[in-house]
Every structure is written in structure tokens, then in C-alpha cells.
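**Q** Could you work out the structure for the sequence below:
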Amino acid sequence: MDSDTSPTPVVPTTEVTFRPFAFASTTGVYILMGAVTSLFGPLLESFTHRFHLSLPSAGVALSVYFVGATFGVLPGWLGLKHLEGRIVLIISLVAIALGAAGATFSHSWVLFLTSVLIIGLGFGALDIGLNTLLARTALNGRARRLSIGNAGYGVGAVVCPLIIIGLGPKNFPTLFGGLCVLALLLSTLNGGVHAPPLRTEPLQFEISQMKAQRRPILITFVLAYIFYVAIETSSSGWMATQLRGVGYSESVGSLVTAGFWCGMAVGRSLGGPLFHWLAEKKLVLGGLTLAIVLCLLATANPVAPYAYPALGLIIASIFPMGLIWYTLLCPHDSDGLSTLIFFMMIGGVAGPGAISLLVSHFGVHAVAPTLAVFAVIDLAVFASALRFRPIVVPSVASSPV
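**A** Numbering: from 1, shown residues only. As a prediction, the model looks like this:
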């Protein structure tokens, strides 16, 4: 099994720990994040009616959300460097609550987009905060923690479309109000997170000075994650619109979106056991290979409602396993993780934005082929990372065993 031959990095000297209740609440934060991200796709049609927009114009909400998420990574990164992790989580959750409250009461498109931008800022800070903190936990069980936490993201993304069906898409302001309350509640439950500031990590400076070895690894993973995020966000954001455009009802679109995120939740919950069986490289590369096949199948209208949930299941492990792959190649590189998460958000803007542009010219039939192209490029970039070998930090290599 490949997992036995993977290099074992040294345990960081400033290890992050989560008390059981704190980890449970952190999983709840992931659920909130998944819920927030998944609600835009099924609601695009409702946005067109409420704010009197065309469908491509309503799709701008997806791009604005991910613009906020991209820029939200920067204050999240600075916060992690200088503040305890729990403080960063609290501030980020309050930002989401404020944005959700604004979206609840917005009656103009500009105010609504401003609120969506604030939600995105909070999401970006949480994204870098949670994933960086979990990647700094003890190596023993790291794959399980990253997989379970990110499985919560999938759970939230399943529940939200189902709630949309129950409430009715036209009543989406009520949903934003509920997200506001949940974010405020979760902001009070992070006391058990022990996460010293990143500036207290002594080995970070050493690895950051090894530029010739570190730079090509970081650039490769940044590009790979940009295209991965483009796949995930574009499929979740546009699958419902594609199905609606070829004759399916809004409820079917919401159910398929829920199925996609259900597959994501199940796949990520299996990430820990799969890691010990197949190792991170095979999970990433195999997942992308199958993703190409499923995206091509989704071009067929009768198959699309089944291909998208399967796509969620297949790509589920790529995100956490890719992070583990990077930490094995660049141990102790918290700044590198932060840089990676910052730039990956470009995919959340560029991916849905590119599809929105193509849909405006060629219709909803452009969605699935574009996703297949993203997957092909992503597979090529991740496969190129096979040429790298783990960086050995001099002070660790020279220390007595």
C-alpha cells in the first residue's frame, strides 16, 4: 500500500489541538460554510425574479461571493499569523452573520451583492483558518480530522438545498436569516481551540528560505487548486441552472445539487480510511480521472441528474488529500498553506465567471463540457507534482534522533 512508503514529516513544534467539543463545533462551522456556498446555485432563478435580472446577471452573485472569499483569505492569513486561531474563527463568523443579516433585508440588487461580498469575506477567512489549523494538528489522525471536518462542509451543502425546497426558493431571505443566527451561535463555541499564532512556528522561517525547492512545489499546487476549486464551485453553482434550462423543474435542480453535496459529504467522511488504503496521490489523480468521465456524461440530458451526484462523491477527497500531499512535500510550511488557500479562491471567481460568459453565448449546454476541460487541466497539473521530493529542513535533519 502506498501509504506505507510516504515520507513522514517531523511533527510541528507549535502543534494545534482541538478539544472534542471544539472539534465538534468546528465541524458545525464547516456545515455552515457548505450551506452558504450551496445556496446560490439553486436560487439564481429566484434572484432573477426578485431583482428583475437576466440569468447571466444573476450569476454575478456567485462571482461576487467568491471575490469576497478570495479577499477574505488575506485578513484571515494575517489574523492567523498574529492572533490565536479561535479569535480568527470568531471574527470570521461574525462577518458571515452581518452579511447574512444584510442579505435578509436587502431589496436592491446592489445592497444584496454588498451583503454577499461580506459573507464571502467571512467565508474566505474561515476557509483559510479552519484548513490551516487542521493541517497543523498532529500527523497521527490529520487525514481523519481534515476529512471529517470537510465532510461537514458537504453535509451543510446537502441540507441547504433541501431547506430551499421546503421553504420555497422565493422565500430565500428567511434562509439568510437562519444562517445569520447559526453563525452567531457558532461564534461562541470556539473556546477549546488551542492554536498559537503562526509567527511562533520556528521552522516556518527556515523552510521559507529554501526558495529553490519550495517555489515550484507551491506554484504547482496553487495552479492545481485553482482548477479544483473551479470544478467544485462551477458544478455546484451551475448544475441546477443547466438542468432547469433543459426542462427539469427547480425542485429537481435543488435535489441534484443536494445529491452532489451528499456525495461530497460521504466521500470526505471516507477520506481517512481511503488514505490508509490508497494514499493521497492516488486519491487525487484517480478522482480527477473519473471526474473527466462524469463531466462528459453530464452533457447528456437524461444522464446529467445522476452524473452530478456521482461527481461530488468522486472529487470529495481531492481537497483534503491535496493538502496532505503538500504538507508531506513542504512540512511546517504554514505560510505556504495560507498562500495556497488564498490563490485557490481565484478558481471560485474565474470558474463560475467563465461558465457564466459561455452560457450567455452558447446556453446551458456549455456547462458540462467546460467542467470537463477544467478537470483535464487539473489532472495534468496535479500529475506534474509527482516529480517533487519532500523538502528536508536542515535544523531538523541535523538534530539528534
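**Q** For the stretch 251-400 of the chain, which residues score under the pLDDT cut-off?
**A** Residue ranges of the stretch 251-400 of the chain with pLDDT under 70: 272, 393-400.
**Q** could you pull out the helices for it?
**A** Listed in chain order, the helices of the stretch 251-400 of the chain (DSSP state H, counting those that start in this stretch) span 271-297, 304-315, 318-329, 334-362, 367-384, 394-397.
**Q** Burial-wise, tell me which of the ones you listed comes out on top.
**A** Of all the helices of the stretch 251-400 of the chain, helix 318-329 carries the top mean neighbour count, a mean of 24, counting by mean count of other Cβ atoms under 10 Å. The way it works is simple: take the backbone N, C-alpha and C, and place the C-beta from them, glycine included.
**Q** which one of the helices of the stretch 251-400 of the chain lies closest to Y30?
**A** Across the helices of the stretch 251-400 of the chain, Y30 has its closest neighbour in helix 318-329 (11.2 Å, Cβ to Cβ).
**Q** packing partners for that closest one?
**A** On a contact count with 3 or more Cβ pairs under 8 Å, 6 or more residues apart in numbering; DSSP states H and E, helix 318-329 meets helix 109-135, helix 142-167, helix 211-245, helix 271-297, helix 334-362.
**Q** try 10 Å this time
**A** Judged by 3 or more Cβ pairs under 10 Å, 6 or more residues apart in numbering; DSSP states H and E, helix 318-329 is in contact with helix 109-135, helix 142-167, helix 211-245, helix 250-269, helix 271-297, helix 334-362, helix 367-384.
**Q** CSV for these, including distance to T188?
**A** Converted to CSV, the helices and strands packed on helix 318-329 look like this (distance: least, Cβ to Cβ, whole Å):
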stretch, distance to T188
helix 109-135, 15
helix 142-167, 18
helix 211-245, 29
helix 250-269, 25
helix 271-297, 29
helix 334-362, 25
helix 367-384, 38
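**Q** Mind putting the helices of the stretch 251-400 of the chain into a markdown table with distance to L78?
**A** As requested, these are exported to a markdown table (distance: least, Cβ to Cβ, whole Å):
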| stretch | distance to L78 |
| --- | --- |
| helix 271-297 | 29 |
| helix 304-315 | 30 |
| helix 318-329 | 20 |
| helix 334-362 | 9 |
| helix 367-384 | 28 |
| helix 394-397 | 26 |
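**Q** Which one of those lies nearest to M264?
**A** Of the helices of the stretch 251-400 of the chain, nearest to M264 by Cβ to Cβ is helix 304-315, at 4.2 Å.
**Q** Out of the helices and strands packed on helix 318-329, which is closest to Y326?
**A** Among the helices and strands packed on helix 318-329, the nearest to Y326 by Cβ to Cβ is helix 211-245 (5.1 Å).
**Q** Give me the mean pLDDT for the closest one.
**A** For helix 211-245, mean pLDDT rounds to 89.
**Q** Could you do stretch 102-114 as well?
**A** Here stretch 102-114 scores 91 as its mean pLDDT.
**Q** What residues of that stretch count as buried?
**A** By neighbour count with 16 or more other Cβ atoms under 10 Å, stretch 102-114 contains the buried residues 102-104, 106, 109, 112-114.
**Q** Same check on stretch 250-258?
**A** 250, 253-258.
**Q** ok, F343 - contacts?
**A** Taking Cβ atoms under 10 Å, 6 or more residues apart in numbering as the contact definition, F343 lies against 70, 73, 218-219, 221-223, 225-226, 229.
**Q** Tell me the one among those nearest to L55.
**A** V229 (22.6 Å).
**Q** Leaving out chain neighbours, which residue sits closest to the closest one?
**A** Distances taken as Cβ to Cβ, 6 or more residues apart in numbering put G347 closest to V229, at 3.3 Å, once the chain neighbours are dropped.
**Q** ok, the one you found - contacts?
**A** 66, 70, 223-234, 374, 378.
**Q** Ramachandran angles for the closest residue to P216 other than its chain neighbours?
**A** The shortest distance from P216 to any non-neighbouring residue, by Cβ to Cβ, 6+ apart, is to F388 (7.3 Å). The phi and psi values for F388, taken as degrees, to the nearest 10, are phi -90, psi 150.
**Q** roughly how far apart are F388 and F382?
**A** To F382, F388 is 11 Å away according to Cβ to Cβ, to the nearest Å.
**Q** and for those two, which residues touch both?
**A** The contact lists of F388 and F382 share 220-221, 325, where a contact means Cβ under 10 Å, 6+ apart.
**Q** Throw these into JSON lines and include distance to G191, thanks.
**A** Formatted as JSON lines, those follow (distance: Cβ to Cβ, whole Å):
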{"residue": "T220", "distance to G191": "38"}
{"residue": "F221", "distance to G191": "33"}
{"residue": "W325", "distance to G191": "32"}
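**Q** Tell me the one among those residues nearest to V392.
**A** Closest approach between the shared contacts of F388 and F382 and V392, by Cβ to Cβ: W325, at 16.8 Å.
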